[in-house]
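J.: Quick check, what structure comes out for this input:
(2 chains)
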2 protein chains.
Amino acid sequence: VRIDEMNVTVVGLGLLGGSIAYALRRAGAAKVWAVDLNSDSLLYAEAAHAVDKGYDEPAEPLSRSDLVFLCVPTEALVPFIRDNAAHFKRGALLTDTSGVRRGLNEGVRAVLRPDLRFVGGHPMAGKEDQGFRNADADIFRGASYLLTPDAATARSDVDEVAAIARALGCERVKETDEETHDEMIAYTSHLPHVAAAAMVLNPLIERSRGFAGGSFRDATRVARINPDMWAHLFLSDAEHLLPAIENFEDGIARIKRAILEKDEPGLRDILREARLLNETKLIPKP
Amino acid sequence: VRIDEMNVTVVGLGLLGGSIAYALRRAGAAKVWAVDLNSDSLLYAEAAHAVDKGYDEPAEPLSRSDLVFLCVPTEALVPFIRDNAAHFKRGALLTDTSGVRRGLNEGVRAVLRPDLRFVGGHPMAGKEDQGFRNADADIFRGASYLLTPDAATARSDVDEVAAIARALGCERVKETDEETHDEMIAYTSHLPHVAAAAMVLNPLIERSRGFAGGSFRDATRVARINPDMWAHLFLSDAEHLLPAIENFEDGIARIKRAILEKDEPGLRDILREARLLNETKLIPKP
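T.: Have a look, this model is predicted:
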């Protein structure tokens, strides 16, 4: 992949799209253009040299772009590709950033012009503060980038998006199918957000200043989220999120029961099991 | 407080006692001695210059110490003070580090020699890896130090321990009563540990590599704990931990219900409330 020979359009210049624009510039992309309905974001992005130019209409930048990052809400992805079918450059590579994947390959393929290429992607990067003004190329450092090709996706296209993901700064690129993606993300991403929100919903928090240390701060960090976006995400993948929540409730109930029964050996066993899972499944050995 | 004129004994040279020893040395204490039953820890601490000398019997260092840090398990605190009553230096100041406080003022006072002074304390600092070999003076940087004096504790003694806590590197010293301490710590410290343990107890964790981003890592960090110590802590303060767990379960149930009912406005309201609480009650404004 010669990023320095690529013209790229980023559609949707929020936190993620803006961060991708910055990272593409840093990686040396020939041109980086942005499409957004918010003219303030476009002006700001131009002033910050995050993009060469911002557009409120997609036709012109799409017609000259070899690569298109579609950073739009999940439900807007297929309509955008369909409505702009006439505008894409011949043979362009399209990728997206949706955090819920089911049905996207099929939905996109149903409207994709035959000469265009699509590889679904989900960069696992973000931060609590949304919007272009918080965009930051460094959110990709050390992050995973998930790709969800299916049997009809060309190997070379997957490899191309993988190379671009690495050029953004991501440490790991993982290929998975849409169903597995959604099941795993409900557990590893949506559930921690549910837990953080639930944990701050306690009247004791009013008096917590001075009592809250690192464990509380970490456990509640992602309670500071965009309520609209996350309410939508939770409902979009309710099918996987509900079992993940129920499994979590079962784990809490196991611990609670051991406490109620003053079962110290049983409690130790549970905590030992948890520590072992945490150490062996999560923490990469230094 | 002239720390450079103080001889100090640290009783119990684990992660916390060891970190206190290092921090006292850094703060310029005249002498720092340690008492521990584990001769390996003592040798290691001497070799690392964390302490001037280690002892397996407390009589000698106690007899020369102006300040004694009792970093022993909660249930060993009162027996230690009682059993060593004859050894403490006249007028010495004693403090401890127990994370569960109820009854300690009364218990200590019942056995304390009249010339000795005691101020209960709980430095809110630690890390996942236990033992002297992981001790580190920097764990106190930015941390809170809780003190639990009661009406019978002399103001000057509280101020003295507060000054020492700051000399260790703590950012905040907060005075509270034992009951409030235990209620708040069950919520802000024990509950995050319950949640982290419960979250890793999911068979999906076996396949989580590459899917787990920052939110999962933060939410599960403290699942990597000492199972024996925490099982004991959970049971020692079950009276406060159980209501904190139940409140957490209620919060999760509220979110789950909104998802089940596909109530997007309701879900948004819950997440907005959580975000607001997180922002206004926890994150200090920069």
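
J.: and the lengthiest helix in chain A, anywhere near chain B?
T.: When chain A is parsed with DSSP state H, its longest helix is helix A:238-260. Yes - using Cβ under 8 Å from any Cβ of the partner chain, we find that helix A:238-260 touches chain B at A:238, A:241-242, A:244-252, A:254-256, A:259-260. (Each C-beta comes from the backbone N, C-alpha and C, glycine too.)

J.: Mind checking the pLDDT average for that helix?
T.: The average pLDDT within helix A:238-260 is 98.

J.: between it and helix B:238-260, how big is the angle?
T.: 170 degrees (axes from the mean of the first three to the mean of the last three Cα atoms, to 10 degrees).

J.: chain center to helix A:238-260: distance?
T.: Put simply, helix A:238-260 sits 25 Å off its chain's centre (Cα atoms, centre = their mean, to the nearest Å).

J.: Can you list the buried residues in it?
T.: Under the neighbour-count criterion of 16 or more other Cβ atoms under 10 Å in any protein chain shown, helix A:238-260 has A:238, A:240-241, A:244-245, A:247-248, A:251-252, A:254-256, A:258-259 buried.

J.: cool, stretch A:126-143 as well?
T.: Per 16+ other Cβ under 10 Å, stretch A:126-143 contains these buried residues: A:126, A:127, A:128, A:130, A:132, A:135, A:137, A:139, A:140, A:143.

J.: how about the residue of the stretch 1-150 of chain A found nearest chain B, what does it touch?
T.: Nearest residue of the stretch 1-150 of chain A to chain B: residue A:124, at 4.2 Å (Cβ to the nearest Cβ). For residue A:124, the contacting residues are A:143, A:144, A:145, A:146, A:189, B:211, B:213, by Cβ atoms under 8 Å, 6 or more residues apart in numbering or on different chains.

J.: Let me have those in CSV, extended by distance to residue B:197, secondary structure and pLDDT.
T.: Listed next are the contacts of residue A:124 as CSV, based on distance: Cβ to Cβ, whole Å; DSSP: H, G, I helix; E, B strand; the rest coil; pLDDT from 0 to 100:
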residue, distance to residue B:197, secondary structure, pLDDT
A:143, 26, coil, 93
A:144, 24, strand, 93
A:145, 29, strand, 97
A:146, 27, strand, 97
A:189, 19, helix, 95
B:211, 20, coil, 93
B:213, 20, coil, 86
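
J.: between those, which is closest to residue B:5?
T.: When the contacts of residue A:124 are ranked by distance to residue B:5 (Cβ to Cβ), residue B:213 comes first, at 50.8 Å.

J.: My guess is that closest one contacts residue A:187. True?
T.: No - Residue B:213 is beyond contact range of residue A:187, at 11.7 Å (criterion: Cβ atoms under 8 Å).

J.: quick one, which of the two is more surrounded?
T.: Taking other Cβ atoms under 10 Å in any protein chain shown, residue B:213 and residue A:187 do not tie; residue A:187 has more neighbours (27 against 20).

J.: I'd like the distance between that one and chain B.
T.: Residue A:187 sits 5 Å away from chain B, going by Cβ to the nearest Cβ, to the nearest Å.

J.: just to revisit the earlier point, quick check: the two most widely separated of the buried residues of stretch A:126-143?
T.: Spatial extent of the buried residues of stretch A:126-143 (Cβ to Cβ) is set by the pair A:132 and A:143 at 18.9 Å.

J.: Is whichever residue of the stretch 51-200 of chain A sits closest to chain B in a helix, a strand, or coil?
T.: Residue of the stretch 51-200 of chain A nearest chain B, by Cβ to the nearest Cβ: residue A:198 (3.2 Å). Under DSSP: H, G, I helix; E, B strand; the rest coil, residue A:198 falls in the helix class.

J.: what's near enough to touch it?
T.: Residue A:198 neighbours (Cβ under 8 Å, 6+ apart): B:248, B:251, B:252, B:254, B:255, B:274.

J.: rewinding a little: name the nearest of the contacts of residue A:124 relative to residue A:99.
T.: Using Cβ to Cβ, the contacts of residue A:124 come closest to residue A:99 at residue A:189, 7.2 Å.

J.: And the helices in chain A?
T.: Taking DSSP H, the helices of chain A run over residues A:15-26, A:39-47, A:59-63, A:74-83, A:104-111, A:155-168, A:178-185, A:191-200, A:214-220, A:227-236, A:238-260, A:264-281.

J.: Residue B:170: which of these is closest?
T.: Nearest of the helices of chain A to residue B:170, taken as Cβ to Cβ: helix A:214-220 at 13.2 Å.

J.: Could you count how many residues lie near residue A:86?
T.: Neighbours of residue A:86 (other Cβ under 10 Å): 9.

J.: quick one: it from residue B:107, how far?
T.: For residue A:86, the distance to residue B:107 equals 81 Å [Cβ to Cβ, to the nearest Å].

J.: ok, now residue A:54?
T.: 68 Å.
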